[in-house]
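Novice: pasting the sequence and the predicted model now:
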Amino acid sequence: MKKNWLLFLLSSVLVFALAACQQDGPKLKETYTSAYKKLMNAETYEFSSDIGLKVDVSNLSGAEDQKAADMINNAKLTISGKTNTKTKQSEVVFKGKINVMGKPMNFDIPVYMDEKKQIGYIKLDSIIENFGPIIGSKLGLDVTKLKGKYLEIPLDEMKTASKETEKMQNDLVKTLQKVVDSISDDKFEKEDLTDKEKKQGATQKITVSFQDEKIKDIMMKMMDTVKQTTGGTTNKEDLEKVKFENFKVTSTFDDKDNFLTQDLSMKMAFDQKDYPKSFTITTSTSYKNINGKVTFSAKPKKDEIVTMSELQGMPANGMMQPSGF
């Protein structure tokens, strides 16, 4: 199971990384390269990505398999974020709607991080709204007292794991860049802009697509990188059981070769017992304020913060130690 999750993780990394690394021939590739470098070196930027997941379990007969597939297929997910590399501040907001066991769950979870202070904050409202009764009964807390609060999380405790993860990510990006440099120019095609895209400021649109063998070649190299970085093991036989039926990224750019939007679709078919017939990932991402002004809206005020120690010391009647409550 761990190997299969590693394969899925690498597929996901490939989806988002290649979406940022693609490039009419050399000119189109040059446009992609320029946009990618500008985004990676930007001091500030914002993004928003709608994510679609579709699982085909028509080959499986279990009722539970279909219920799980319906839950995934009907889910609506959006991830948006802002970053300022100079001040080391960032913000990510997870929004969505999902039905779990027939119960609709709407979530909106802002996360703010300050790397200079090594502190992060998670707004608790959606967590309490969806899981309040469970949390309250398990921990004996009056969770209503947490409405409007942000849970403070020390980031320094995760520093070691964060450095290891950052190293692996950097190694994967370097590997991916080398692979992308070897992609032939004819893989990049110029598309006609729609009126809507022109109004958004787009001056050109480029599509890049890959077939099964090329995707697997990239994945193999990425798996080798993970193995070298982590010292773990990888099973390439799992990759051979997957067929990448589709991988396509369409991006729009402004007159300064900055990314404006990226639409991606990747479909994987499985030839394994008790596995779904196929799994499809689609993303629709927009970018703005690249090297522009970014305002963080999820940064909590002092009286909105609750620390882990305060949370642990909160008795069942909801009375807490003083410190903002």
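Specialist: Thanks, I have the structure now.
Novice: hey, where'd the helices end up in the stretch 1-150 of the chain?
Specialist: Along the stretch 1-150 of the chain, the segments classed as helices by DSSP state H, counting those that start in this stretch run 2-21, 26-41, 63-73, 125-139.
Novice: CA atoms only for the third one - export them in PDB, please.
Specialist: Right, helix 63-73. Extracted in PDB, the C-alpha atoms of helix 63-73 (Å, rounded to 0.1, in the frame of the first residue of the first chain):
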ATOM      1  CA  ALA A  63     -21.200  -1.200  -3.100                       C
ATOM      2  CA  GLU A  64     -18.700   0.500  -0.800                       C
ATOM      3  CA  ASP A  65     -16.300   1.000  -3.800                       C
ATOM      4  CA  GLN A  66     -19.100   2.900  -5.600                       C
ATOM      5  CA  LYS A  67     -19.900   5.000  -2.500                       C
ATOM      6  CA  ALA A  68     -16.300   6.000  -2.100                       C
ATOM      7  CA  ALA A  69     -16.000   6.800  -5.800                       C
ATOM      8  CA  ASP A  70     -19.200   9.000  -5.600                       C
ATOM      9  CA  MET A  71     -17.800  10.800  -2.600                       C
ATOM     10  CA  ILE A  72     -14.600  11.600  -4.500                       C
ATOM     11  CA  ASN A  73     -16.300  12.400  -7.900                       C
END
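Novice: residues in contact with it?
Specialist: Residues outside helix 63-73 that contact it (CB atoms under 8 Å, 6 or more residues apart in numbering) are L53, K54, V55, D56, V57, L60, I98, N99, V100, P276. To be clear about C-beta, it is placed using only N, CA and C from the backbone, and glycine gets the same treatment.
Novice: pick out the lowest-pLDDT one from the residues you listed.
Specialist: Ranked by pLDDT, the contacts of helix 63-73 bottom out at V100 (82).
Novice: for it, give me its contacts.
Specialist: Contacts of V100 were listed using CB under 8 Å, 6+ apart, and they are M71.
Novice: recalculate using a threshold of 10 Å.
Specialist: Residues near V100 by CB atoms under 10 Å, 6 or more residues apart in numbering: M71, A75, N130.
Novice: filter the residues you listed to the buried ones?
Specialist: Buried members of those, counted by 16 or more other CB atoms under 10 Å: M71, A75, N130.
Novice: burial of E240, as a residue count?
Specialist: For E240, the neighbour count with other CB atoms under 10 Å is 11.
Novice: leaving out the residues flanking it, which one is nearest to it?
Specialist: Spatial nearest neighbour of E240, excluding adjacent residues (CB to CB, 6 or more residues apart in numbering): K216 at 7.7 Å.
Novice: what's the average pLDDT for the one helix or strand that neighbour maps to?
Specialist: For K216, the host element (DSSP states H and E) is helix 212-230. The average pLDDT for helix 212-230 rounds to 79.
Novice: where does the chain dip in pLDDT?
Specialist: 1-26, 139, 157-166, 169, 176-177, 180, 230-235, 314-325 (pLDDT under 70).
Novice: switch the cut-off to 80
Specialist: Flagging of the chain using pLDDT under 80 yields the residue ranges 1-26, 33, 101-102, 132-143, 156-186, 218-219, 222, 225-240, 311-325.
Novice: so who does the residue nearest the centre of it touch?
Specialist: The centre of the chain sits closest to I79, judged by CA atoms, centre = their mean, with a distance of 6.9 Å. Residues counted as contacts of I79 (CB under 10 Å, 6+ apart) are F47, S48, S49, D50, I51, V92, V93, F94, K95, G96, T283, T285.
Novice: go again with 7 Å.
Specialist: Going by CB atoms under 7 Å, 6 or more residues apart in numbering, I79 touches S49, I51, V92, F94.
Novice: are any of the residues you listed buried, and which?
Specialist: S49, I51, V92, F94.
Novice: run through the strands of this structure in chain order.
Specialist: Using DSSP state E, the strands found in the chain span residues 44-56, 76-84, 89-100, 103-114, 119-123, 150-154, 188-191, 204-210, 242-253, 259-270, 278-288, 305-306.
Novice: please name the strands paired to the first one in the sheet, noting orientation.
Specialist: Partners of strand 44-56 in the sheet, by DSSP bridges, are strand 76-84 (antiparallel), strand 278-288 (antiparallel).
Novice: quick one: which of these is nearest D185?
Specialist: Closest of those to D185 is strand 278-288, at 24.2 Å (criterion: CB to CB).
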